[in-house]
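> sequence plus the predicted model coming up.
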Amino acid sequence: MTELFTVHTPPAAWARFIEHFQPSVRTERIATADALDRILAAPLTAPQDLPEFARATVDGYAVAAVDTYGATPGLPAFLALAGEVPMGKAAAFAIGPGEAALVHTGGMIPPGADAVVMIEDTQRVAADSIEVFRPVAEGQNVVQVGEDIRRGQPILTVGQRLRPQDLGGLMALGITEVTVAIPPVVGIISTGDEVAPPDQPVQPGQVRDINSYTLAGLAIRAGARAIRYGIVPDQRAALEAVAARAVQECDIVVFSAGSSVSYRDMTADVIDGLGRPGVLVHGVSVKPGKPTILAVCDGKAVFGLPGNPVSAMVIFDLFITPAIGLLLGAQKAPQPTVKARLARNLASDSGREDYVQVRLETRDGELWAVPVLGKSNLIYTLVNADGAIKIPLDANGLRAGEWVTVMIH
């Protein structure tokens, strides 16, 4: 083992980890309709102009703008009606000087027209003529060819998570298949004789398994697939067997509990035996979450998380979510945050990042962050929180009333 509980700052721990973890992105081709929230793995360019024809943005009359100049209700412009352009059809005629064509929202503008007069600014005076009461400028109420996107123009970039509007934009261009990153597989191993399955009665001294489900949810939210390997007792042979299986089947393996320095905790030794270079970091200057393990074992990312739920969630967000992002080739998305006033003083030790859970309250029109205080083994500290605030390494705490950034869960 290269290091045991030599504490690193979070940036230093991450830097050391990615020196050895530089995965390639695996890809697959799937239907665009099934690609919501998948990570794009190949660049896309527009195969055509969009729109491919000039379209009306209102119901009205397609005209040559010059024929409407100076029109007023008292002195309207008189135009001959050349016909109607039906929806979903190409214009079968062109308009000449002094002519207009009835068009509908989204319909094609006939040749010879360069603007559309809204129907409420006109009046039909005969079956074949109209009056125009207000002038229009060239291009008014018209979407031009390629105004949305031009043929050959880049559409979406590699690493972008596909949103509902992205799928719509691709379908508008007839792009019905895309190349996306294959979701990495995250294996979750919960350890400890004191941990019991949630569907069974607990004995005195036991607690139900929380972290397997919380961590699986975080992995799925980050774009991965999750495999829960159940609860492994405090027996080295059992832990080694499950770990060896998980590291073969998964891209990332996460151990929950067993990362503290104790004669009963074998996690670091077991991880170190899974492959080279093994354990890189054992100890991060974070509260909660100090006894964290970061390792790379023959190209697989392996993490040892504290068993306390708050600690596990903080560390997952700090290290495992970005590791999943590396496997997906994903662009780093900004975490949703809000600004709020801190409701009470918070103390901290310099040289350590502190993450404090908070709930959000509105008081007299201002948003306040109210600390949800509790030990890191209390799951309802997380359930009752809307987000967390970070006290930086070089700070000794935060004062009540100052503005803080709340990272939304």
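On my side now, so go ahead.
> which intervals of the chain have sub-threshold pLDDT?
Applying pLDDT under 70 to the chain flags the ranges 1-5, 258-265, 376.
> try 80
The model of the chain has pLDDT under 80 over residues 1-6, 257-265, 350, 374-378.
> give me the domain ranges for the chain.
10-26+183-328, 27-49+156-181, 55-143, 337-408 (automatic domain parsing).
> check those domains for me and report the most buried one.
When neighbours are counted by mean count of other C-beta atoms under 10 Å, the highest per-stretch mean among those falls to domain 10-26+183-328, a mean of 19. To be clear about C-beta, it is placed using only N, CA and C from the backbone, and glycine gets the same treatment.
> okay, how far is it across it, tip to tip?
22 Å (C-alpha to C-alpha, to the nearest Å).
> what do you get for stretch 257-268?
Stretch 257-268 has its terminal residues 11 Å apart, counting by C-alpha to C-alpha.
> stretch 106-117 now?
End-to-end for stretch 106-117, by C-alpha to C-alpha: 14 Å.
> what's next to it, contact-wise?
Contact partners of stretch 106-117, identified using C-beta atoms under 8 Å, 6 or more residues apart in numbering, comprise 53-58, 60-65, 68, 82, 85-87, 89-91, 93-96, 99-101, 103, 132, 134, 136-142.
> next: stretch 173-184.
For stretch 173-184, contacts defined as C-beta under 8 Å, 6+ apart pick out 25-33, 35, 38-42, 44, 46-48, 50, 149, 155, 162, 170, 223-225, 250-252, 324, 327-330.
> filter those residues down to the ones in helices?
170, 324, 327, 328 (DSSP state H).
> wait, what's in contact with the first one?
So that's residue 170. Shown in contact with residue 170 (C-beta under 8 Å, 6+ apart): 32, 44, 155, 156, 176, 178.
> pretty sure the third one is touching residue 148, no?
In other words, residue 155. No. Under the criterion of C-beta atoms under 8 Å, residue 155 is not in contact with residue 148, lying 10.8 Å apart.
> and for the residue nearest to residue 28 when sequence neighbours are not counted, the neighbour number?
Nearest residue to residue 28 in three dimensions, chain neighbours excluded: residue 182, at 5.3 Å (C-beta to C-beta, 6 or more residues apart in numbering). Using other C-beta atoms under 10 Å, residue 182 has 17 other residues around it.
> re the thing from before, so which of the contacts of residue 170 sit within strands?
Among the contacts of residue 170, the members falling in strands (DSSP state E) are 44, 155, 156, 178.
> I figured the third one hits residue 166, correct?
Yes. Residue 156 lies in contact with residue 166 (C-beta under 8 Å); the separation is 6.1 Å.
> please tell me how far the residue of the chain most remote from its centre sits from residue 80.
Residue farthest from the centre of the chain, counting by C-alpha atoms, centre = their mean, is residue 126 at 57.1 Å. Separation of residue 126 from residue 80 (C-beta to C-beta, to the nearest Å): 9 Å.
> how about residue 158?
Residue 158 is 54 Å from residue 80, where distance means C-beta to C-beta.
> out of the ones in strands among the contacts of residue 170, which two sit at the greatest distance?
Greatest spatial distance among these (C-beta to C-beta): 155 and 178, at 10.3 Å.
> residues contacting stretch 194-208, please?
Against stretch 194-208 from outside (C-beta under 8 Å, 6+ apart): 209, 213, 230, 231, 257, 307.
> could I have stretch 153-162 exported to CSV, CA atoms only?
Provided in CSV are the C-alpha atoms of stretch 153-162 (Å, rounded to 0.1, in the frame of the first residue of the first chain):
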residue,chain,number,x,y,z
GLN,A,153,-23.3,24.2,-38.8
PRO,A,154,-22.3,22.3,-35.6
ILE,A,155,-25.3,21.3,-33.6
LEU,A,156,-24.3,19.7,-30.3
THR,A,157,-20.8,19.1,-28.9
VAL,A,158,-19.3,15.9,-27.6
GLY,A,159,-19.8,15.4,-23.9
GLN,A,160,-23.2,17.2,-23.9
ARG,A,161,-26.0,15.6,-22.0
LEU,A,162,-29.0,15.3,-24.3
